[in-house]
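1. When you get a sec, could you give me coordinates for this:
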Amino acid sequence: MELIIDACGWTAAIDANVNLDHALLPLVGRPTWLVPAGVRFELQALNAQRRGLLLDLLDERATVVDCPEGISHPDDHIVSLAVSLRAATLTVDRGLKTRLIQAGCPIIEVVDGHRLRRIDP
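-> Alright, predicted model coming up:
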């Protein structure tokens, strides 16, 4: 299964010190990590303001997915990608979670500040 990583989801997981491999295993197995190019750009800008986002780990594990023409916002790219791949998305963004659930796509969120939970539509 593929797992799309959103900037706020990655940040929340890192801030919560979640061991992603361990926490994701019962939720999605050993997924292929996908990072939309716009999300990677957002994380790079955020990392310049506050260090410690473990972008080396993300770069080592994830495949950056270029944004198709006509899609300018990372959230639009995430929804499009999730729908086409039937992939789960790691996010804590309320608006994005609503869009993904409405589109029939599962989400993975950080809850209680230290663990992950899967929500299926």
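2. Of all the residues in stretch 46-58, which ones are buried?
-> Under the neighbour-count criterion of 16 or more other CB atoms under 10 Å, stretch 46-58 has L46, L53, L54, L55, L58 buried. C-beta: built from backbone N, CA, C; applies to glycine.
3. pLDDT on it, on average?
-> Across stretch 46-58, the average pLDDT comes to 92.
4. now swap in stretch 105-121 and tell me
-> 94.
5. And it, what's buried?
-> Of all the residues in stretch 105-121, those buried under the rule 16+ other CB under 10 Å are C105, P106, I107, I108, E109, V110, L116.
6. residue contacts, the last one?
-> When you say that, I think you mean L116. A13, V18, L20, A23, L24, L27, L90, I108, E109, V110 (CB atoms under 8 Å, 6 or more residues apart in numbering).
7. What of the fourth one?
-> Contacts for I108 (CB under 8 Å, 6+ apart) come out as 3, 9, 24, 27-28, 88-91, 116-119.
8. ditto for the second one
-> Residues in contact with P106 (CB under 8 Å, 6+ apart) are A88, T89, L100, R118, I119, D120, P121.
9. which SS class is L53?
-> Counting by DSSP: H, G, I helix; E, B strand; the rest coil, the backbone at L53 sits in coil.
10. That one touches R40, doesn't it?
-> No: proximity of L53 to R40 does not meet the contact threshold set by CB atoms under 8 Å, at 11.1 Å.
11. For the chain, which segments count as strands?
-> Here the chain has its strands, by DSSP state E, at 2-5, 32-36, 62-65, 88-90, 107-111, 115-119.
12. Give the buried residues for stretch 55-75.
-> L55, L58, A62, V65, C67, I71, P74, D75.
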